[in-house]
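Undergrad: Below: sequence and its predicted model.
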Amino acid sequence: MSITSFEFFVMVALLVLVYYALPLRYRWVALLVGNGIFWYKGNSKAALVIMLAMGIVTYVLARLLEEKREQKGAKELVTVGVTLLAACMIVCRDLGFFVGNINGLCNLCHIPFQMPDVTIPSPMGISYFALIWIGYLLDVYWGVAHAEKNALKFALFCGYFPFMTSGPIISFRDSGAQITAGHQFDYEQFCFGLQRILWGLMKKLIISQRLAAYVDLVYGSYNTLVGTYVLLAMVLFVLQLYTDFSGCIDIVLGVSQLFGITLPENFDLPFLSKNLSEFWRRWHITLGGWLRDYILYPILKSDLFQTIGKKSKKKFGKKFGKKVPMWIGLLISWFLIGFWHGGGWNYILGDGLYFGILIILGEMLEPFTDKVIEKLRIRTETFGYRLFQYVRTFVLFTIGLSFFRAYGGFMEGLRIWKSALFEFSPWIFFDGSLIGAGLDAKDWNIVIVFMAVLAISGIIRYYTGEQIRVLVARQPIVFRWLLYVALFASVIVFGCYGIGYDAQSFIYQQF
Amino acid sequence: MERAEIFAKLNEVFQDVFDDEDITVTEETTSADIEDWDSHEHINLIVAVEKCFGIKFNMGEVTTMKNVGAMVDLIAQRI
Amino acid sequence: MNVRRWQIAKMCLFLMILCIVMGAISAVVVPKYLVENTDWPSTSTFKQFYEMDEDSIDVLFIGSSSMATDIMPQEIYDEYGITSYNLGTTEQNLIVSYYWLKEALRFQKPKVVVVDNQMMFTFYADEELNFKEPGQRKDFDYMKWSKVKVEAVHDICRIDKSQSELSYYLPFIRYHDRWKELVKRDFKYETTKLYGYAPLVGETPLEDNAKSEPYTPLRDDIRIEDAAQIIDETDVDSKRHELMISYMDKIISLCKEQGISVLILSSVSPTETETRHVITKQFAAGHGIEFLDFNVKQLYEQAGLDYVTDNYDRRHMNVEGAKKISSFMGGYLMEHYGVTPREHHAFEETKGYFEEFLSRQ
């Protein structure tokens, strides 16, 4: 069930009615029903069985860990649990990647062995819920959360339908109580939720789908549409991904708000980041947080890494030395981030190690760059310099994502770059070449107008520190309602949904 | 150990880890108040505190510590 | 409590505003096929039908494009005083014809219904509805909402799974992309220029005359008994379409239930083969109803048809041909079906308009 489908919103509307009709203590049951419907519609029977099996194991392990926490055997239990969940995720999602690489290696070494290419039915949202459940087990093991005794409430949190399509990656310790508790109807939150859903629909249906038309066209024919066409496609892909992903998150968070549940944010004006470190604290925030809490910190705190730290401090001096374990930890984290996005070298490199290496390089070269800034007397507090930083960050991010988009793999990513640098063709912006390249003139206008709306709302938020919907809520009712209705009308007129209208097919073809 | 004593010793650790003699931590001090105290340095700090007081934090405590006051609470429980 | 009531009131009011906005957007983006923008003004046909007085129509013509062009109700009225309406439109498949008949019977009590046989045969084998979805929407969007339309929408979407029922209730879902080509006509449109009634009475008058070879009508003695030898199974254009024929059955049953006479008609066109003729004849005989095929020599000559001058595009009749067929049908219905002439002011009022309209073409 797509979260932009009419079906989904009908389900949400009905759930809302049932939720608030129920007494406070039982409101969570309505959400559990929502979970059930969502799982049923989004999974094959086999995938459903896999997910339920994983869930039962997690539930049982968590309760055992709760009892055994400080005792012997706890460490083994949690290791088994985490490994099992991670393995399920990898096997269901990325088996093809491993099979492909193993077979490739065998071919290279002339070993007569080929693994069969089997696909396992993959439960919907496994990339998200596997991480969430691993986090849950670890939280219980570390004592920062109590295992959920009620199996149904466990099912409610662990299979909470809003996060199944695109996250956010929530933690039981922060969001568990909220999700399983019943909430009073809060009119303001409810309205904000509705507005947020509409805003997300605008981003997805009006902007993202249109950009996809151009990006898909160019990425599908980069041998003919070369040069600046490709560079533009790379840039627009970043915006397409942002509007698609953050639009989904808006819908998901908005839907949760209807039930009085506040999930953590996943985006915070990412394009106003001064460097890549900051960018990844503003883009897919919950993923970074999860990796930090459950991978990076445990690794860094481990005895192995402490030893590495001591040794490198001896070798490279205190200041530099203490960074070495951190950098190794970062490389591991970034490798995992890349791999999590997709079992493919284009993801691991382009969306993972590339950023890790750049961030580490940035830190390594910090004393050097500081000197350069001093020597050139660059004033870093100025708007001009900040703009340079924003653009630099954006460009670096775009390069990484250009590989992410190369669905044909890392080699295809390289070929696309070859095409991009083949010629410098800025005239395509002026001579009408772009009209008809996936989008006609009117569609380009719409995309530009709504991206401007998005940009302006971001800037307003940056300077006022407040969300647009909060600012609008303070306006007189007629003005507010005009804005909401305008947004609504825009989505239903300009949104890309439905069969689409092809004027030619309506003209009577007198066969 | 008295709370004040813990604070004094902790202060030394902070000054050492962040290489800054002027640091003074209070109950409400958070990572936002000290420039170099980011997620990277957090672990180094934690390990240094553990070494100094001869205690061990578990990972859950490491990630949910809200401010220095909370850190002191945890230390006080352990020694 | 007061605050809560005020909140609920606000939400209801806002919801109402959204509904109005959705309705307004739907009304604007639904395509309009009017006399100004097309030769085949199906929108006018249906909208004008609703403007006829109740119980003012004695003969109903339904079917696809051939029917739309062939019958001039004004001509029939002028010559014989018989009131009729031509609900034929392009690409009208028999499911749509059936439901339009049902809809028409809510307002009219015709004595005779005439259907053409074009849609009994396969046009697009890969389309559930025998024709493409846009064509069907054209013929259907302007039906008013009632139990009939609800039933029809459900039936159509059950058969053609690619369609969504919701897109009928909220047409903006289907047509919102038309924002790119909106013109004045979409915001303000008149189906009737000067008169309260239906100036075209459903007719699609086409003036042109395509150059063509002389036409050889079918022989008179095509008999049902020889069907096995006549029917050419390899002729893909003359293949029976079972779903469509099942709805033809329904049309005939509905008429019989209501005591309405029904007959099948076939217009002059090279597409009418002996195979088609004999299949239709069998079908009609099976129901005990008449089949008038203007492709057959006797009828062709009796009506005074001349394909060369009377065809519009080699498949449909132009105004000349329509006059002849209409004239013939008027007389035939009067003589064999007992339809009596009567004066009706609607048809009186549209006389002048029709003449003027034709002279302007």
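TA: Perfect, I can see it now.

Undergrad: Up against chain A, what does chain B have?
TA: Contacts of chain B with chain A, taken as C-beta under 8 Å from any C-beta of the partner chain, map to B:19, B:39-40, B:42-44, B:46-47, B:58-64. Every C-beta, even on glycine, is put in place using the N, C-alpha and C of the backbone.

Undergrad: where's C:Tyr124 relative to C:Val236, distance?
TA: Using C-beta to C-beta, to the nearest Å, one gets 11 Å for the distance from C:Tyr124 to C:Val236.

Undergrad: Just the pLDDT for residue 24.
TA: Picking chain A for this. At A:Leu24, the pLDDT value in this model is 92.

Undergrad: try chain C instead
TA: You'll see C:Ala24 listed with a pLDDT of 94.

Undergrad: Between C:Tyr124 and C:Val236, which has more neighbouring residues?
TA: A direct count of neighbours by other C-beta atoms under 10 Å in any protein chain shown for C:Tyr124 and C:Val236 places C:Tyr124 higher, at 13 against 10.

Undergrad: Name all residues that make contact with that one.
TA: C:130-132 (C-beta atoms under 8 Å, 6 or more residues apart in numbering or on different chains).

Undergrad: Out of the residues of chain B next to chain A, which end up buried?
TA: For the residues of chain B next to chain A, a burial check counting by 16 or more other C-beta atoms under 10 Å in any protein chain shown picks out B:39-40, B:42-44, B:46-47, B:59-64.

Undergrad: Now secondary structure and distance to A:Val60 too, for those, in JSON lines please.
TA: Output for these, formatted as JSON lines (DSSP: H, G, I helix; E, B strand; the rest coil; distance: C-beta to C-beta, whole Å):
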{"residue": "B:Ser39", "secondary structure": "helix", "distance to A:Val60": "33"}
{"residue": "B:His40", "secondary structure": "helix", "distance to A:Val60": "37"}
{"residue": "B:His42", "secondary structure": "helix", "distance to A:Val60": "33"}
{"residue": "B:Ile43", "secondary structure": "helix", "distance to A:Val60": "32"}
{"residue": "B:Asn44", "secondary structure": "helix", "distance to A:Val60": "37"}
{"residue": "B:Ile46", "secondary structure": "helix", "distance to A:Val60": "32"}
{"residue": "B:Val47", "secondary structure": "helix", "distance to A:Val60": "34"}
{"residue": "B:Met59", "secondary structure": "helix", "distance to A:Val60": "22"}
{"residue": "B:Gly60", "secondary structure": "helix", "distance to A:Val60": "21"}
{"residue": "B:Glu61", "secondary structure": "helix", "distance to A:Val60": "25"}
{"residue": "B:Val62", "secondary structure": "helix", "distance to A:Val60": "27"}
{"residue": "B:Thr63", "secondary structure": "helix", "distance to A:Val60": "25"}
{"residue": "B:Thr64", "secondary structure": "helix", "distance to A:Val60": "25"}
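
Undergrad: Identify the residue spatially nearest to the residue of the stretch 51-200 of chain C found nearest chain B, adjacent ones excluded.
TA: Chain B sits closest to C:His176 of the stretch 51-200 of chain C, with a gap of 46.4 Å, by C-beta to the nearest C-beta. Excluding its sequence neighbours, the residue lying closest to C:His176 (C-beta to C-beta, 6 or more residues apart in numbering or on different chains) is A:Val493, at 5.2 Å.

Undergrad: Going along the chain, name the helices of the stretch 1-150 of chain C.
TA: C:2-29, C:42-50, C:65-70, C:73-80, C:94-104, C:133-140, C:147-159 (DSSP state H, counting those that start in this stretch).

Undergrad: now those helices in CSV, with mean neighbour count and distance to C:Ser269?
TA: Listed next are those as CSV, based on neighbours: other C-beta atoms under 10 Å in any protein chain shown; distance: least, C-beta to C-beta, whole Å:
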stretch, mean neighbour count, distance to C:Ser269
helix C:2-29, 13, 35
helix C:42-50, 23, 20
helix C:65-70, 28, 7
helix C:73-80, 23, 20
helix C:94-104, 24, 18
helix C:133-140, 23, 18
helix C:147-159, 15, 27
